[in-house]
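>>> with the input below, show me the fold.
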Amino acid sequence: MTGGTVSSKLFLLILVLAIILIPWGTPKLIILVHDVSPVYYPYIENITALIEEYGFQNSTILLIIPNHAGKHPISKDERFVQLIKKLEEEGYKVGIHGYDHIGNEFLCNETIAEAKLRAAREELERAGIKYDKVFVPPRYEISTQALKVLLRNNFTVFLKGKVCYPSGDCERIKEREYTWYAGRLRAKIMLVIAKFEFTHTRGIFVLSIHPKAVNYGGGMDFLREFLKYAKEKEK
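Numbers count the residues shown, from 1 in each chain. Below is the predicted model of the structure:
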């Protein structure tokens, strides 16, 4: 092997490592808090307190289930309603996360999708909660017909790996959830991966969180360290 060949291979190796390791920049961070309902009230309090500590409330969308499991209409829970209103005053946005979150409820036809969307909006209005036209179907599952209904009603819809706008245009995004009932060791490993993926993303980076799941094990430690890291990258 000649010296020129060795030098070329070394240069290529350095170039590849540089591409992999050097951050691409700081993407726009969006935090989606799924399953926001009276069922998870104390968990939501803990999560939002941590988000506020690092000043990311303006980047966070609270995805409300208007009538969780068909048994927890938000308009009947004044404590929950007051919490959401307070959080909105602090800068959080509210989106809609299905109607009752039973199964893949938006794998349905247009008629059912229209009825469920109408029921969800009416429940939010009964509760006096303002909401943005942002929708995430439970488990990201949605039929083509149901998606058409949402876009026709001027909703922006977050799906797995993409976001679709009322115009019908869809944009690919990086969406990750690292804290699904993660033990302490797994949470530490996930933090390393999350930091790398965050700084190697262009455009939008979506961090998904589920109440109770993130409050388990090392989830909240992960969230604290990741938010701290993301805040530092903003400077």
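>>> got the contact list for L63?
For L63, the contact set (C-beta atoms under 8 Å, 6 or more residues apart in numbering) comprises L32, V33, H34, D35, V36, G95, I96, H97, V134, V136. Placement of C-beta: from N, CA and C, glycine included.
>>> for this protein, just list every one of the strands.
28-36, 60-64, 67-68, 72-73, 93-96, 134-135, 156-159, 162-164, 170-172, 174-176, 204-209 (DSSP state E).
>>> export these as CSV, with columns for distance to L150 and mean pLDDT.
Below are the strands of the chain laid out as CSV (distance: least, C-beta to C-beta, whole Å; pLDDT from 0 to 100):
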stretch, distance to L150, mean pLDDT
strand 28-36, 16, 97
strand 60-64, 14, 98
strand 67-68, 18, 98
strand 72-73, 21, 98
strand 93-96, 9, 98
strand 134-135, 5, 98
strand 156-159, 5, 98
strand 162-164, 8, 97
strand 170-172, 12, 94
strand 174-176, 18, 96
strand 204-209, 18, 96
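>>> T111 is nearest to which of the ones you listed?
When the strands of the chain are compared for distance to T111 using C-beta to C-beta, the nearest one is strand 134-135, at 17.5 Å.
>>> and the closest one, what does it pack against?
Applying 3 or more C-beta pairs under 8 Å, 6 or more residues apart in numbering; DSSP states H and E, we find strand 134-135 packed against strand 93-96, strand 156-159.
>>> so can I have JSON lines of those showing distance to I209 and mean neighbour count?
Formatted as JSON lines, those follow (distance: least, C-beta to C-beta, whole Å; neighbours: other C-beta atoms under 10 Å):
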{"stretch": "strand 93-96", "distance to I209": "13", "mean neighbour count": "21"}
{"stretch": "strand 156-159", "distance to I209": "13", "mean neighbour count": "20"}
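>>> ok, P138 - contacts?
Counted by C-beta under 8 Å, 6+ apart, P138 has contacts H97, G98, H101, G103, N104, E105, F106.
>>> so what's the fifth one up against?
So that's N104. N104 makes contacts with P137, P138, R139, E141, as judged by C-beta under 8 Å, 6+ apart.
>>> what do you get for the fourth one?
By C-beta under 8 Å, 6+ apart, the residues touching G103 are P138.
>>> quick check: bridge partners of the most centrally placed residue in the chain?
Nearest to the geometric centre of the chain sits L32, at 2.3 Å (C-alpha atoms, centre = their mean). Legend: beta-bridge partners of L32 under DSSP bridges are I61, S208.
>>> report the separation between it and F158.
7 Å (C-beta to C-beta, to the nearest Å).
>>> list the residues that contact both of these two?
By C-beta under 8 Å, 6+ apart, L32 and F158 have these common neighbours: V136, E175, V206.
>>> any weak-confidence spans in the chain?
Applying pLDDT under 70 to the chain flags residues 1-24.
>>> the closest residue in space to E177 that isn't next to it in sequence and K235, how far apart?
What sits nearest to E177 in space, not counting adjacent residues and going by C-beta to C-beta, 6 or more residues apart in numbering, is S208, at 4.0 Å. Here the criterion is C-beta to C-beta. By it, S208 lies 25 Å from K235.
>>> where do the helices of this protein begin and end?
In the chain, the segments counted as helices under DSSP state H are 3-21, 41-53, 78-89, 110-127, 144-152, 184-199, 219-234.
>>> can you check which of the ones you listed gets nearest to N67?
N67 lies closest, by C-beta to C-beta, to one member of the helices of the chain: helix 110-127, at 5.8 Å.
>>> show me the contact partners of that closest one.
Residues contacting helix 110-127 (C-beta under 8 Å, 6+ apart): 64, 66-67, 73-75, 81, 84, 94, 96, 98-99, 105-106, 108, 131, 135, 143, 145-146, 148-150, 153.
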